[in-house]
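Enquirer: missing the sequence, but the structure's below:
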C-alpha cells in the first residue's frame, strides 16, 4: 500500500466503518468476561493465582479456530443463511450462543461450581472465536485493501469500547450491587446478566446490516476436501504468493503480540496485589486506559495509511514491549493512583497503535478466495505461542514476583524487531 499524504478521517464515519465499529463491540464484549474480568472475580472468590494462570488456556480457542473456519466459510445454516447470507447468519448464531454462555458463567458459583463456570467459559470462548472468523471475513470483504487500516481501526475501537463495558462496567455494576465484604455472588451474577443483554448491540447490527458481495468458493462435500480447504489450499496459496518471505512473515505473526498477551494474563491480579479497589481499577484501567487504547487505534490506522503498515509494525513492536517496563516500576511504587494512570495510559496507547497496524497487516496478507480460513489461520498463529506461554504466568509470578515477570515480558518482545526487519527486507526485494 502506497503512503497517502492526507488520509481522510471522514472514512471513520462512513456506514461500513460504523457497522464494523458496532460489530467490533460484539466481538470485544466476551473477551474480558472469559479472561481479565473473570480472573478478577475468581481472585476475589479465593481461587489461587496458579489456577487462574492455567485457566487462561481457555483462550487457546483463539489459537485453533482455523480448524473450523472452513465450515464458517462454506457451511450454510439452514433457513438463516438464505435470509441473511453466509456471514451474517454465522454472526447471529454465535452471538446468541455467547449470550446464553455469559448467563451461565454468571449463574454458577466459582468456589463450589468451578467446573460449571469453566464449561460455560469454554462455550463462550468457542462461540466468540467463531464469531471472530465470520466477522473478520465480513470486514475484509466489505472494503478494498487500501481501506483495511481504517476498518481495522474501527473494529479495534468497537472492541475496546466493549472492553470498557465488560471491564470497568462490570466492576462498577458489581460494586454497586455488592452487599457484603469480599466476594458477593449475587452481585457478580447480576453483572454477568447485564453483560449478556449487552450482546443485543451485535445482534441488532447484524439484523440491520447488509451482506457483502458473496465470493465464489468451492463447495465442501467430504472430509478430505475439508482438510484440503482447511490446511493445504490456504497455506499453498500463501507460500506461492510470498515464497522466501513467507517464513519471516509467519515467524513475525507467531510472536508479534507475545509481550502484551503474556503480561495481560496477570494484570488484574497485579492490581489487586497492589491494593487497588474495584472502583480504581475500573476508572483507570478500564475507562481511562481503554480510551487511550482507542485513541492509539485510530492514530495507528491513520499512520498506517500515511506511512505504510511495515513501518508502523516496527514502531508498534517497540512501544508494546518497552511499555511493560513501566509495570515493573509500578510494582515498586505500590498503591499510587497517579502512577497507575501514567503506566496504563502509555501502555494502552502503545497497544492501540500496535493492534491497528497488525490487524491491517494480517488483512493485507489474505487472498479473497480464502478470506475466513486464511485470516483465521494467521490470527490463530498469532495467538498460539503467546497464550500457551501465558498459562505459566501465574507460576512465574509465584516464584519470581511481579517485577521480574514484567521485565521478562519486555525481553520476550525483542525478537519481534528482527522479524519485522526481515519481513520488510524480503518485501522490498520482491518489489
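Expert: Here it is on my side, so go on. If you're wondering where the values come from, they're calculated on a predicted model, not measured in any experiment.

Enquirer: Would you agree residue 333 is in contact with residue 339?
Expert: Yes: when contacts are counted by C-beta atoms under 8 Å, residue 333 is listed as touching residue 339 (4.6 Å). For the C-beta atoms, the positions are set from N, CA and C on the backbone; glycine is no exception.

Enquirer: Low-confidence stretches in the chain?
Expert: For the chain, residues meeting the criterion pLDDT under 70 lie at 1-15, 143-149, 213-223, 226-227, 229-231, 286, 368-373, 423-431.

Enquirer: ok, now with 50
Expert: 1-7 (pLDDT under 50).

Enquirer: for it, which helix is longest?
Expert: The helix that spans the most residues within the chain, counting by DSSP state H, is helix 337-365.

Enquirer: Tell me the helix or strand right after that one.
Expert: helix 371-390 (DSSP states H and E).

Enquirer: How about that next one, which residues are buried there?
Expert: Using 16 or more other C-beta atoms under 10 Å as the test for burial, helix 371-390 gives 371-387, 389-390.

Enquirer: Give the next helix or strand downstream of it.
Expert: Beyond helix 371-390 in the direction of the C-terminus, DSSP H and E gives the next helix or strand as helix 393-400.

Enquirer: for stretch 16-33, the distance to its chain's centre please.
Expert: Relative to its chain's centre, stretch 16-33 lies at 10 Å (C-alpha atoms, centre = their mean, to the nearest Å).

Enquirer: again, but for stretch 403-413
Expert: Distance, centroid of stretch 403-413 to centroid of chain: 21 Å (C-alpha atoms, centre = their mean).

Enquirer: got the contact list for it?
Expert: Defining contact as C-beta atoms under 8 Å, 6 or more residues apart in numbering, one finds that stretch 403-413 is touched by 255, 258-260, 262-263, 266, 317, 320-322, 324-325, 327-328, 331-332, 389, 393, 396-397, 400.

Enquirer: how many neighbours does residue 306 have?
Expert: By the measure other C-beta atoms under 10 Å, the count of residues near residue 306 is 15.

Enquirer: and the helix or strand hosting it with helix 337-365, angle?
Expert: Element membership for residue 306, per DSSP H and E: helix 289-307. For helix 289-307 against helix 337-365, the angle by axes from the mean of the first three to the mean of the last three C-alpha atoms, to 10 degrees is 40 degrees.

Enquirer: Which strands or helices does the helix or strand that comes right after helix 289-307 pack on?
Expert: Toward the C-terminus, helix 289-307 is succeeded by helix 309-322 as the next helix or strand (DSSP H and E). Judged by 3 or more C-beta pairs under 8 Å, 6 or more residues apart in numbering; DSSP states H and E, the packing partners of helix 309-322 are helix 258-264, helix 289-307, helix 337-365, helix 402-412, helix 414-430.
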